[in-house]
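Colleague: just to be clear, the model below is a prediction. Sequence and coordinates:
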Amino acid sequence: MKLPKKIPDGQSNFEKIRTNNYVYVDKTRFIEQIENEDNDYCFLIRPRKFGKSLFLSMLFHYYDICSAEKFDVLFGDLYIGKNPTPKRNSYFVLRFSFAGIDTNSKERFESSFNNNIEASVNEFLNHYEEFIPADEHKKIRLELLESRGNLGVSTIQKDVFDIVQKDKEKRKLCVIIDEYDHFANDLIALGTNLSIKEYKDLIWANGVVRDFYETLKNGSQTVIDKIFITGITPIMLDDVTSGFNISNNLSNDVRYNEMLGFTEEEVEFLIDECGIDREKITIDRKFLYNGYLFHEGAEQKLYNSAMILYLLHKIKVTEGEIKHLINDNLKTDYGRIRNLLSKKENIEKLEEIIELNKIPAEISSRFSIDKIHEKKNFLSLLYYMGLLTIDIEKGIPMLTIPNYSIKTMYWEYMENIITERNPQMVYDPSVIFEGLIKMAFDNDYKPFFETFHKNFVSQISNRDLENFSEKNIKFLLLSILFQNNIYLPISETENSTGYSDIYLQRRNLYPLVQIDWVWEIKYIKEKDSRKKAFIERKKTEAIKQLQRYKTSNLFKDRKDVRYLAVVFVGKKDYFIDEISI
């Protein structure tokens, strides 16, 4: 009997995965594809947790001369093992990762950046010690020891270039750079002490970052044969262009759509290889995690690698009982864009995206850090961060929310924004949860709406009330509902008769919950509340819409759904009518 493989949740070391019985989704065919490019200096952008670091680890072991003896173990049964290229295991490989660079001041940045380069060179010296003449090895070691971070970026790089140039076998250098833009993203997302001006000084003019890329460019004339760079955003492309204008950007090339992330077929492969019982997969994984496209002409939508590995790991460990649909670490990563929402126009764009689930936009292939708040660039940044993706509607490219999991993050942002705007909305989450418990297990919706009205609607400031609308009520409701794990709240659910405002779909996690809910929400300004006919008209509209939904393909003949028409009147009152099943 075949032994089930382990799930590599959180693993990015290719050798460890291949030698410790972890399942590996074969992406090695892209090595051959990359080698067939006219330009050997390649650049790829993908969102966080899409498998970039694992892909770079795979490239390292494929090209590294020290890994030649392990080739059959690591690659033998993979595509590239059966179709190796002449360049396999023929390079010295110099690796850099710019995660963790200190951006709290210009001085700390320079020191941290230099230390990072020195650490990478030290790793290089250790790994290739047997190929480096003893005197050269000792000389550079001594330089690094004495410099204590002050040797200079270009000097350290050139020392490595000199070693490679003196190689008797005339081998060349492959350079791999992970998270090339990490420090720029920190500056944008976390609002670090490093100013935009200081950032530009470091990357433009004679800054250490520019120095690093200029030295790489010069090295490509002599010893560097291959360069592969990955990151999350194209923000630094403009900034390093003059220092490194030789890269081939594969990010929006349809041929590389599937290079990172998982297709549906690859997820099926993971399930089979890990021995997961399909009957334990009681959630709609496509709805929750699928949906990414990186070119409008691509055929296969993709899963975020970390999301699906987290899901499969939880299913395997918990036998299918999954309380939290998203890895908290992933939430933290996506939460980095919170700082971008400081501008009013960005919040308005966010509200539009949440309300409509899509927005017409073109993707900027590059933009500088001081232009990220421009509408086109802000939306492009959300795309590169994995919070929007490409979709096609009637032949027109759109940006849309990729899946339900990402939508929950948007609603978390909205909950924070709403409560920050209205600090008087102080509430105990357990009280809200108690209302949902009543609704879920006793089919009693009244406690929830009483709590919602008391703690939220009635606390709206008079200034905000002037521009308040039905959309705002739905935003308030959904921002709370998305914090629970009893129901999956779905806004604007498409059915054959229209779009329902809020659909609460029960989760299999709680089998005693027997009822789904469909709500149609209406709002009337207080000044109109004196007109009873106006209120009745709104009620009638909501009821008619619900009656149409009942006959739709999604809800027809279902006895497990209850329908509520809810009309809010200013911040002082509300009415609920339930239509019969």
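Modeller: Thanks, I have it.
Colleague: where exactly do the helices run in the stretch 401-550 of the chain?
Modeller: 404-421, 429-441, 446-455, 462-465, 470-481, 532-550 (DSSP state H, counting those that start in this stretch).
Colleague: mean pLDDT lowest where, among those?
Modeller: Ranked by mean pLDDT, the helices of the stretch 401-550 of the chain end with helix 462-465 at the bottom, a mean of 75.
Colleague: residues in contact with that helix: which ones?
Modeller: By Cβ atoms under 8 Å, 6 or more residues apart in numbering, the residues outside helix 462-465 that reach it are 421-422, 526, 570-571. The way it works is simple: take the backbone N, C-alpha and C, and place the C-beta from them, glycine included.
Colleague: TSV for the helices of the stretch 401-550 of the chain, including distance to Glu393?
Modeller: Output for the helices of the stretch 401-550 of the chain, formatted as TSV (distance: least, Cβ to Cβ, whole Å):
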stretch	distance to Glu393
helix 404-421	18
helix 429-441	34
helix 446-455	34
helix 462-465	33
helix 470-481	21
helix 532-550	23
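Colleague: just these: most buried one?
Modeller: With neighbours defined as mean count of other Cβ atoms under 10 Å, those peak in mean count at helix 470-481, which reaches a mean of 20.
Colleague: tilt between it and helix 429-441?
Modeller: 90 degrees (axes from the mean of the first three to the mean of the last three Cα atoms, to 10 degrees).
Colleague: can you list the low-confidence ranges for the protein?
Modeller: 1, 146-152, 188-195, 204-206, 238-246, 319-342, 426-427, 493-499, 528-531, 581 (pLDDT under 70).
Colleague: buried ones in the host helix or strand of Ile117?
Modeller: Ile117 belongs to helix 106-127 when assigned by DSSP states H and E. If you call a residue buried by 16 or more other Cβ atoms under 10 Å, then helix 106-127 has these buried ones: 106, 109-114, 116-118, 120-121, 124-125, 127.
Colleague: same check, this time on stretch 92-110
Modeller: 92-98, 101-103, 106, 109-110.
Colleague: can you redo those residues as TSV with distance to Ser580 and secondary structure?
Modeller: Listed next are these as TSV, based on distance: Cβ to Cβ, whole Å; DSSP: H, G, I helix; E, B strand; the rest coil:
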residue	distance to Ser580	secondary structure
Phe92	75	strand
Val93	70	strand
Leu94	71	strand
Arg95	66	strand
Phe96	66	strand
Ser97	61	strand
Phe98	62	coil
Ile101	62	coil
Asp102	64	coil
Thr103	60	coil
Lys106	69	helix
Phe109	66	helix
Glu110	71	helix
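Colleague: which two of those residues lie the greatest distance from each other?
Modeller: Phe92 and Lys106 (32.6 Å; Cβ to Cβ).
Colleague: between the buried residues of stretch 92-110, which is closest to Asn257?
Modeller: Closest to Asn257, out of all of the buried residues of stretch 92-110 and judged by Cβ to Cβ, is Ser97, at 24.7 Å.
Colleague: burial check on the closest residue in space to that closest one that isn't next to it in sequence, number of neighbours?
Modeller: Excluding the flanking residues, the one nearest Ser97 by Cβ to Cβ, 6 or more residues apart in numbering is Asp178, at 4.2 Å. Asp178 has 20 neighbours, counted by other Cβ atoms under 10 Å.
Colleague: from memory Asp178 sits against Ser120, does it?
Modeller: No. If you go by Cβ atoms under 8 Å, Asp178 and Ser120 don't touch, sitting 10.6 Å apart.
Colleague: spit out the residues that contact the two alike.
Modeller: In contact with both Asp178 and Ser120: 95-97, using Cβ under 8 Å, 6+ apart.
Colleague: can you lay out these as TSV showing distance to Asn218?
Modeller: As requested, the shared contacts of Asp178 and Ser120 are exported to TSV (distance: Cβ to Cβ, whole Å):
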residue	distance to Asn218
Arg95	19
Phe96	16
Ser97	22
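Colleague: and which of those residues is nearest to Gly51?
Modeller: Ser97 (14.8 Å).
Colleague: surely that closest one meets Glu179?
Modeller: Yes. Using Cβ under 8 Å, Ser97 is in contact with Glu179, at 5.6 Å.
Colleague: so where do the strands sit in this protein?
Modeller: 41-45, 91-97, 172-178, 224-231, 248-249, 358-360, 389-393, 396-400, 487-495, 498-506, 516-524, 561-569, 573-579 (DSSP state E).
Colleague: what about the third one, distance to the chain center?
Modeller: Relative to its parent chain, strand 172-178 has a centroid offset of 25 Å by Cα atoms, centre = their mean, to the nearest Å.
Colleague: contacting residues around Val566?
Modeller: The neighbours of Val566, taking Cβ under 8 Å, 6+ apart as the test, are 449, 519-522, 542, 574-576.
Colleague: roughly how far does it sit from Leu546?
Modeller: Note on Val566: its distance to Leu546, by Cβ to Cβ, to the nearest Å, is 10 Å.
Colleague: identify the contacts common to the two.
Modeller: Common neighbours of Val566 and Leu546, using Cβ under 8 Å, 6+ apart, are Glu520.
Colleague: which non-adjacent residue is nearest the spatially most central residue of the chain?
Modeller: Computing the C-alpha centroid of the chain and ranking residues by Cα atoms, centre = their mean puts Gly386 first, at 3.8 Å. By the measure of Cβ to Cβ, 6+ apart, the closest residue to Gly386 outside its immediate chain neighbours is Pro47, 2.7 Å from it.
Colleague: do you know how far the nearest residue to Glu136 once chain neighbours are set aside is from Asp40?
Modeller: Among residues not flanking Glu136 along the chain, Ile163 sits closest, at 5.7 Å (Cβ to Cβ, 6+ apart). According to Cβ to Cβ, Ile163 stands 20 Å off from Asp40.
Colleague: so between these two, which is more surrounded?
Modeller: Each of Ile163 and Asp40 has its neighbours counted (other Cβ under 10 Å); Ile163 has more, 23 against 18.
Colleague: so who does that one touch?
Modeller: 92, 128, 132, 136, 140.
Colleague: do I have it right that the fourth one meets Lys166?
Modeller: Yes. Here Glu136 lies in contact with Lys166, judged by Cβ under 8 Å, at a distance of 7.0 Å.
Colleague: please identify which of the two sits among more neighbours.
Modeller: Glu136 (14 against 11).
Colleague: distance check, that one against Asp560.
Modeller: The gap separating Glu136 from Asp560 is 75 Å, by Cβ to Cβ.
Colleague: check Glu578 too.
Modeller: 15 Å.
Colleague: out of the helices of the stretch 401-550 of the chain, which gets nearest to Ile80?
Modeller: Here helix 404-421 is closest among those (Cβ to Cβ), at 32.1 Å.
Colleague: counting contacts, what elements does that closest one pack onto?
Modeller: helix 285-289, helix 328-334, helix 344-356, helix 470-481, strand 487-495 (3 or more Cβ pairs under 8 Å, 6 or more residues apart in numbering; DSSP states H and E).
Colleague: let's have these in a markdown table, adding distance to Leu216.
Modeller: Formatted as a markdown table, the helices and strands packed on helix 404-421 follow (distance: least, Cβ to Cβ, whole Å):
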| stretch | distance to Leu216 |
| --- | --- |
| helix 285-289 | 36 |
| helix 328-334 | 27 |
| helix 344-356 | 34 |
| helix 470-481 | 46 |
| strand 487-495 | 47 |
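Colleague: which among the ones you listed is found nearest to Ala68?
Modeller: helix 328-334 (35.2 Å).
Colleague: picking up where we left off before, quick check, nearest of the contacts of Val566 to Asn416?
Modeller: Ile521 (21.6 Å).
Colleague: and that closest one, bridged to which residues?
Modeller: Ile521 has these beta-bridge partners by DSSP bridges: Val566.
Colleague: contacting residues around it?
Modeller: 470, 473-474, 477, 501-502, 542, 566, 568.
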